[in-house]
Every structure is written in structure tokens, then in C-alpha cells.
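[1] Have a look; sequence and predicted model below, questions after that.
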Amino acid sequence: MANDDSRATERRARFEALAPELVEPLRRFLARRTDAATAEDVLSETLLVCWRRLDDVPADAALPWAYGVARHCLANAQRSARRQGRLAAKVATVDPPAETSPGPGGPDGHDGDDRLHAALVRLTDTEAELIRLWAWEQLTPSEIAGVMDLTPNAVSIRLHRAREKLKEIMRKDATASGHEESTEGRTP
């Protein structure tokens, strides 16, 4: 019995040391991908999974592992929201609601660089997630591989392609809006 108590104490101590290192990076990770309320709910769910699977958390790569868990928890939350939306639509046809107003941060909950957001939306989900993990979370290809269940080599190749595609989209958008680069004063 004493052995179980010491094991529980060790487990709790490990989680209490690990959690503060994970909370803020995970909060930023989720805030970039969803609205604030969903981000907090998913953060809680992610930490719960980390507690339950504490023995599976790699000592040398806890954050990338936790990002992977957070991605799965966010996907579950988004699926749930879609199901709730479909149900609400069915209910609304039977009993239409009174007027509604959009939530904070605009109708889509997005705050930030609209050009970048518009360009990221034009990428595939995988390409956009690679860019976010690399640029926003500052993960290496090896760490991204752990988050996305890919090989580091596949991540490097896909990340390179995604970055090039994003650059091209943003270049075309800038050109289309009349912001072409000036070549004045340059020699060929």
C-alpha cells in the first residue's frame, strides 16, 4: 500500500512540474486555431489527457507530444460543434430563434492579419497546420513529425512546399491589390 502512495506522489509531482511548462504554449497554440472559449475547453481536455497518459509523455519531447494531443482534442471539439450546429439547424426549422448577434472578435472569432488569414485559408488543412506549427509554435520538423504523425523527412518536404505555396498566394494577392514591387533603380 505504501508503494502505491509513493507512486501516486511521484506521478503527481511529475505532472505538477510538467503542467506549467505546457499551459502557456498550449494556450497560444489553441488560441491561434479557434475562439477563446473553445481554446480554454480544449486546453482543459488536453491537460486531462496528459494527466491520464502521463506515463506516455516523453520526457525529452513533452510539448510536441502535447501539441499532438491538443490537435486531436480540438478536432473532437470541432466535430462536436458541427454536430451541435446541425442539430440547431434542424431545431431552427421547427422553432426559429429570435435575432442573434455575432460573438467577440468578429463573426468568425478571428483577430489578426487578414491577408495572412485569407492566404492560410487557401492552403489545405495539412499545409496550414504545418505552417502554424513551424511559424507560430516554432517547432522543428522532427517535433512537427511527432505532432502530426509523419516522418521528419515528409514534414521537411511538405513544409517547404507549403511555405512556397503560401508565398505565391500572398504575392498574387499583393499584385492583385495593386502592390507590385517597384523595379525602379535596379539593374537587371
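    Happy to help now that I have it.

[2] List the buried residues of the top helix by length along the chain.
    As assigned by DSSP state H, the longest helix anywhere in the chain is helix 62-94. Buried residues in helix 62-94, defined by neighbour count with 16 or more other CB atoms under 10 Å: 63-71, 73-74, 77. (Glycine included, C-beta is placed from N, CA and C.)

[3] can you check stretch 44-59 too?
    Quick answer for stretch 44-59 (16+ other CB under 10 Å): 45-47, 49-50, 57.

[4] Same check on stretch 146-153?
    146-148, 150.

[5] Show me what the helix or strand bottoming out on mean pLDDT in the chain is packed against.
    The weakest-scoring helix or strand in the chain, judged by mean pLDDT, DSSP states H and E, is helix 114-121 (a mean of 85). Applying 3 or more CB pairs under 8 Å, 6 or more residues apart in numbering; DSSP states H and E, one finds that helix 114-121 contacts helix 125-131, helix 152-176.

[6] Please identify the deepest-packed of those helices.
    Ranked by mean neighbour count, the helices and strands packed on helix 114-121 are led by helix 125-131 with a mean of 17 (mean count of other CB atoms under 10 Å).

[7] what mean pLDDT does that one have?
    For helix 125-131, mean pLDDT rounds to 92.

[8] Likewise for stretch 3-16?
    91.

[9] try stretch 84-97
    Per-residue scores along stretch 84-97 average to 74.

[10] Could you do stretch 173-188 as well?
    60.

[11] how's the chain carved up into domains?
    1-97, 106-177 (automatic domain parsing).

[12] Name the residues of the least confident helix or strand of the chain that are buried.
    Result for helix 114-121 [16+ other CB under 10 Å]: buried residues 119-120.

[13] For the longest helix of the chain, name the packing helices and strands.
    Helix 62-94 packs on helix 2-31, helix 36-52, helix 141-148, going by 3+ CB pairs under 8 Å, 6+ apart.

[14] winner for burial among those?
    Of the helices and strands packed on helix 62-94, helix 141-148 is the most buried (mean count of other CB under 10 Å), at a mean of 20.

[15] still on that earlier bit, which other residues reach the least confident helix or strand of the chain?
    With contacts defined as CB atoms under 8 Å, 6 or more residues apart in numbering, helix 114-121 is touched by 110, 128, 131-132, 166, 169-170, 173-174.

[16] same check, this time on stretch 23-32
    Contacts of stretch 23-32 (CB under 8 Å, 6+ apart): 38-40, 42-43, 46-47, 63, 66-67, 70, 74, 132, 136-137.

[17] and which of the buried residues of stretch 146-153 is nearest residue 9?
    residue 146 (29.0 Å; CB to CB).

[18] any idea how far residue 87 is from that closest one?
    35 Å (CB to CB, to the nearest Å).
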